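Peer 1: got a structure for you, letters missing:
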């Protein structure tokens, strides 16, 4: 099995409403997402796939949905204020954790027909979450 990994970088703001610690407050992250794609056989060019194809697919999604966006749980009481001030945000059914964001990116790539092995989202230099399916 061959695996390649493409890294992409973006920024987002969020808060975790039910968190007992400081993450319950509004804050932001500059993150690195590592996308691992796998194939049993190489294509005619001797590659799993072109890194540029991964970049195009994932960066378009991240630019439209996640980058420099404020990610909130759909029940967050700050949402009406954001709407009233015409601020950009995305309301999620789940809490906007690194785990959830890695799953969102994974599923987008899967829907675009990439054979995704895993998506790892580095929220800080020393902490990451990874999503993969069996």
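Peer 2: Perfect, I can see it now. Because the structure is predicted, anything quoted here is derived from the model rather than measured.

Peer 1: give the contact list for the most centrally placed residue in the chain.
Peer 2: Nearest to the geometric centre of the chain sits residue 101, at 3.9 Å (CA atoms, centre = their mean). Residues near residue 101 by CB atoms under 8 Å, 6 or more residues apart in numbering: 12, 31, 33, 66, 71, 121, 129. The C-beta positions use only the backbone N, C-alpha and C, and glycine is treated the same way.

Peer 1: what about the second one, which helix or strand?
Peer 2: In other words, residue 31. Applying DSSP states H and E as the criterion places residue 31 in strand 27-39.

Peer 1: what's whatever helix or strand comes next after that strand packed up against?
Peer 2: If you walk from strand 27-39 toward the C-terminus, the next helix or strand you reach (DSSP H and E) is helix 51-65. Packed against helix 51-65 by the contact rule (3 or more CB pairs under 8 Å, 6 or more residues apart in numbering; DSSP states H and E) you find strand 2-14, strand 27-39, helix 98-111.

Peer 1: residues of stretch 15-28 that come out buried?
Peer 2: Residues of stretch 15-28 classed as buried: 15-16, 23 (neighbour count, 16 or more other CB atoms under 10 Å).

Peer 1: Nearest to residue 83 among these?
Peer 2: Distance to residue 83, by CB to CB, is smallest for residue 15 among the buried residues of stretch 15-28, at 16.6 Å.

Peer 1: give me phi/psi at that closest one?
Peer 2: Note on residue 15: its backbone torsions stand at phi -150, psi 150 [degrees, to the nearest 10].

Peer 1: What distance do you get for the residue lying closest to it once chain neighbours are set aside to residue 13?
Peer 2: Spatial nearest neighbour of residue 15, chain neighbours left out: residue 26 (5.0 Å); criterion: CB to CB, 6 or more residues apart in numbering. Per CB to CB, to the nearest Å, residue 26 is found 7 Å from residue 13.
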